[in-house]
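*Asks:* coords please:
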Amino acid sequence: MKKLLIYSCCLLCFSAACQNAPLIESVRIEKKDTIVPVKTDAGIVLASEQQAYPLSVQKLIKAYPGHFSGFEDNHLIWKDGTKMLWDDARKDKTFSQLINESDLEDQLTSMAYPKGKDAPKPKQKEDPGRVRYEPFFKKMYGASAEAVKKNLTTIVWLSKTMNLKLQVTTVNDIHKKMQEISNRLDTMPQLHKYLKNPGGTFMWRKIAGTDRLSMHSFGMTIDVNVEFSDYWRWAIKEEEGDGTRIIEYKNRIPLELVEIFESYGFIWGGKWYHYDTMHFEYRPELLTD
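*Replies:* This is a model prediction of the structure:
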C-alpha cells in the first residue's frame, strides 16, 4: 500500500509538471525558417548533415535548378564556387532601401507575390518582385550587354497570326517557356489585341529615374502591347521613391493572360503598387511553393 501511494503521488506530480511546463521546443521549431534539406540535380550536399537550409534558400534552389552547389555560413554557393551573401543583417530597411539596397533574403522574403486572378489590388508599398538583388541576375544571365547577348536566341511570337521575331535568353530555358506561351496564346484570339506590337524583350538599360538595371537587360522579360498598358510614372509624372505617394491604380490587361504567364514562372507588373501592366518577367522563386 505504501509503495502504491508513493507511485500515485509521483504520477500526480509528473502530470502537473507537464501541464504547467511551456512547450518551448515546439514553438521554436514552428517559428524556425528551415526545412529538411534535399538534394537536387545540382548535386547539393550540406557541409553538415545536421544543418538545414532556410526555407527561402530552398525555394530559390528549387526555382533555378542546376545553378547552385550549396549554402553555408550565410552564403549561397554557385556551381563555379562563387559565394554570394544571403542576409546583410539589416532588418529595418525602409521601402526605398528594399528597392535600392536589397540582399538576396529581401528578394525572397520581403514581399509575397499573390498568384492567380483573385489577387487583391496592391496596397501602398506592395511591390512584390521589384525587390531585386542585382548581382544575382548579373551572375545568372550576364554582367554586361555582351555577356547577355551570348545567351540570346530568337523566338517567333504568335507565329500563326503575327509572326514576330523576339530575342530572349536561353538561360533557364526561358526561350522554350516563352515559345510555349506564344504557341498557347496563338490559339486564343480573344487575347491577341493585347499581344500585338509588344513593347520589347531584351534591351540593356537602366530603369527610368534610377541607377538600377532593368530586367529587360537580361533577356528574361517581355512587355506586351503598349497600347493597352498602364504605368505608374505616366500617372504621377515624377519620381516617387519612398512609396508614400498616392497612385491611382489602372489596368487594362486581362487576368486570363496574367494566369498563363504565371503558370510558366513569370510575374506580372500589374500586381505592384508602382504598376507596370505590360511587364512580365521570369521570377519563379516568387511563384515556387
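
*Asks:* Below-threshold pLDDT in this protein: ranges please.
*Replies:* Where the chain drops to pLDDT under 70, the residues are 1-51, 237-241.

*Asks:* what about stretch 232-245, start to end distance?
*Replies:* Start-to-end span of stretch 232-245 (Cα to Cα, to the nearest Å) is 11 Å.

*Asks:* same deal with stretch 148-166?
*Replies:* Calculated as Cα to Cα, the first-to-last residue distance of stretch 148-166 is 15 Å.

*Asks:* Now tell me what touches that stretch from outside.
*Replies:* Under the criterion Cβ atoms under 8 Å, 6 or more residues apart in numbering, residues 141-142, 167-171, 175, 178-179, 182-183, 185-186, 189, 192, 195-196, 198, 201-202, 204, 217-219, 222 lie in contact with stretch 148-166. Glycine gets a C-beta too; all of them are placed from N, C-alpha and C.

*Asks:* Which ones among those residues map onto strands?
*Replies:* When DSSP state E is applied, the contacts of stretch 148-166 are split such that Q167, V168, T169, P198, I222 fall in strands.

*Asks:* so which pair among the residues you listed is furthest apart in space?
*Replies:* T169 and P198 (16.0 Å; Cβ to Cβ).

*Asks:* Same drill for the two, tell me which one is more crowded.
*Replies:* Between T169 and P198, T169 has the larger neighbour count (other Cβ atoms under 10 Å), namely 25 against 18.

*Asks:* which residues touch the closest residue to that one other than its chain neighbours?
*Replies:* The shortest distance from T169 to any non-neighbouring residue, by Cβ to Cβ, 6 or more residues apart in numbering, is to G219 (3.6 Å). Residues in contact with G219 (Cβ under 8 Å, 6+ apart) are Y141, V148, N151, L152, Q167, V168, T169, V171, I174, T201, F202.

*Asks:* distance of G219 from D80?
*Replies:* 21 Å (Cβ to Cβ, to the nearest Å).

*Asks:* quick one, what contacts the closest residue to I181 other than its chain neighbours?
*Replies:* Excluding the flanking residues, the one nearest I181 by Cβ to Cβ, 6+ apart is Y264, at 5.6 Å. The contact partners of Y264, by Cβ under 8 Å, 6+ apart, come to K177, M178, E180, I181.

*Asks:* Could you pick out the buried ones from the contacts of stretch 148-166?
*Replies:* Those of those that meet the buried threshold are 141-142, 167-169, 171, 175, 178-179, 182, 185-186, 195-196, 198, 201-202, 204, 217-219, 222, by 16 or more other Cβ atoms under 10 Å.

*Asks:* now, which of those residues lie within helices?
*Replies:* Judged by DSSP state H, helices contain the following of the buried ones among the contacts of stretch 148-166: Y141, H175, M178, Q179, S182, L185.

*Asks:* Nearest spatial neighbour of the first one, chain-adjacent residues omitted?
*Replies:* On the basis of Cβ to Cβ, 6+ apart, the spatially nearest residue to Y141 that is not a chain neighbour turns out to be F218, at 3.8 Å.

*Asks:* Roughly how far does that neighbour sit from R132?
*Replies:* 10 Å.

*Asks:* For the ones in helices among the buried ones among the contacts of stretch 148-166, please prepare CSV with the additional fields distance to G269.
*Replies:* Converted to CSV, these look like this (distance: Cβ to Cβ, whole Å):
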residue, distance to G269
Y141, 19
H175, 21
M178, 16
Q179, 22
S182, 19
L185, 18
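
*Asks:* Next, find the distance separating the nearest residue to P122 once chain neighbours are set aside from T169.
*Replies:* Of all residues not flanking P122 in the chain, Y273 sits nearest, at 4.4 Å (Cβ to Cβ, 6+ apart). Distance, Y273 to T169, using Cβ to Cβ: 28 Å.
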